[in-house]
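Undergrad: Structure for this input, please:
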Amino acid sequence: MKVVHSILTHHPAVDVDAMLIAFSALAPADVEFVVGYGGPRNEFDRITWPNRIFLEHATFRGRIEEQNFSPWLNAVGRWIQDRQRAPDYVHFSENDHIPLRRDYWSELAGAMNRSGCDFLGKWCMDRTGTNEEFYLRYRRDPILRTVLEPLGQVEPRIWGALADGMVFKQQALQALSDVDLDIPCFTEILIPSVLAKLGFRLGDMDAWSDVFRWVRHRPAFEVADVDALLAGGAFCCHPFKDLGRLPELWTRLGRLTGC
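TA: Predicted structure coming up:
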């Protein structure tokens, strides 16, 4: 099992390097980490982690509800092709998504294998005809329709999935690069809706695994929660917002897991 795991962050270089060193110490050797950096260029230049991509697009510097992650996904797809990597799966997470166990990545792969899906995400489902907020916002959006309608004659259906924690087969990720996705549309609607129109099989990660059981919108997790999370079998947690206490979390996690 080979996994490319890309992490989106905008934090100072010293914190990015510390995070990647900690993640790589926890992960098995067949996981390769790539930083997607949406912060200032001068901080990007200070990052010493070798696998890093600077994300220039303005979408990474706006409100989260307006962010379109397709430039990040496409950049990672190009990185994979340019370096002739052949991962089984490509995983995308935000910097406040913290793996807690060495088997986190193998559990992601296991869920993909069991499901037979090309894409799994948290709360991934067809939102058409529901009262879900983003469906109501985008169901008649003319800009989104300019992307979806040319992909098929059937009335476009609107899918949704949490932007954090997405897992792709490489073929599904690469297919997105053939579609012009540079539009003002929230990632949580745009990416799954386009994948569905392209004919890929999508699924809700929670239907196949508990790996994202501790992924939520709020409240944020704290360092003090780590003991209870591991005792409860948590593979990861999201969100962890207290950047200043990440070194403490790494230390505590290392003592508890032996990594």
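
Undergrad: residue contacts, Val223?
TA: Listed by C-beta atoms under 8 Å, 6 or more residues apart in numbering, the contact set of Val223 reads Asp242, Arg245, Glu248, Leu249, Arg252. C-beta here means a position set from N, CA and C on the backbone, and glycine is covered the same way.

Undergrad: What distance do you get for it to Asp17?
TA: Going from Val223 to Asp17 by C-beta to C-beta, to the nearest Å gives 20 Å.

Undergrad: What pLDDT does the model give the residue nearest to Val179 when sequence neighbours are not counted?
TA: With sequence-adjacent residues excluded and distances taken as C-beta to C-beta, 6 or more residues apart in numbering, Val179 is closest to Val194, at 5.9 Å. We have a pLDDT of 97 for Val194.

Undergrad: Run a quick neighbour tally on Val194.
TA: 22 (other C-beta atoms under 10 Å).

Undergrad: three-state assignment of it?
TA: Secondary structure state of Val194, per DSSP: H, G, I helix; E, B strand; the rest coil, is helix.

Undergrad: Quick check, it in contact with Leu148.
TA: Yes: applying C-beta atoms under 8 Å, one finds Val194 in contact with Leu148, separated by 7.0 Å.

Undergrad: Which parts of this protein are strands?
TA: Here the chain has its strands, by DSSP state E, at 3-9, 31-37, 52-54, 89-94, 98-99, 119-121, 125-126, 159-160, 166-169, 202-204, 236-237.

Undergrad: With respect to burial, which of those strands scores highest?
TA: Stretch with highest mean neighbour count among those: strand 119-121 (a mean of 28; mean count of other C-beta atoms under 10 Å).

Undergrad: packing partners for that one?
TA: Judged by 3 or more C-beta pairs under 8 Å, 6 or more residues apart in numbering; DSSP states H and E, the packing partners of strand 119-121 are helix 104-115, strand 166-169, helix 187-197, strand 202-204.

Undergrad: rewinding a little: going by neighbour count, which of the contacts of Val223 comes out on top?
TA: Tallying neighbours with other C-beta under 10 Å puts Leu249 at the head of these, with 21 neighbours.

Undergrad: residues in contact with that one?
TA: Ile98, Val223, Val226, Phe240.

Undergrad: which parts of stretch 193-212 are buried?
TA: Neighbour-count burial for stretch 193-212 flags 193-197, 200, 202-206, 208-209, 211-212 (criterion: 16 or more other C-beta atoms under 10 Å).

Undergrad: Go through the residues you listed and name the one nearest Ala25.
TA: Ala25 lies nearest to Val211 out of the buried residues of stretch 193-212, by C-beta to C-beta, at 19.7 Å.

Undergrad: Need the pLDDT of the closest one.
TA: For Val211, the predicted pLDDT is 98.

Undergrad: if I read this right, it contacts Ala109, doesn't it?
TA: No: assessed by C-beta under 8 Å, Val211 is found out of contact with Ala109, at 10.1 Å.

Undergrad: Could you report the distance from the nearest residue to Glu43 once chain neighbours are set aside to Phe186?
TA: Residue nearest to Glu43 in three dimensions, not counting chain neighbours: Ala13, with 5.0 Å by C-beta to C-beta, 6+ apart. Between Ala13 and Phe186 the distance is 28 Å, computed by C-beta to C-beta.
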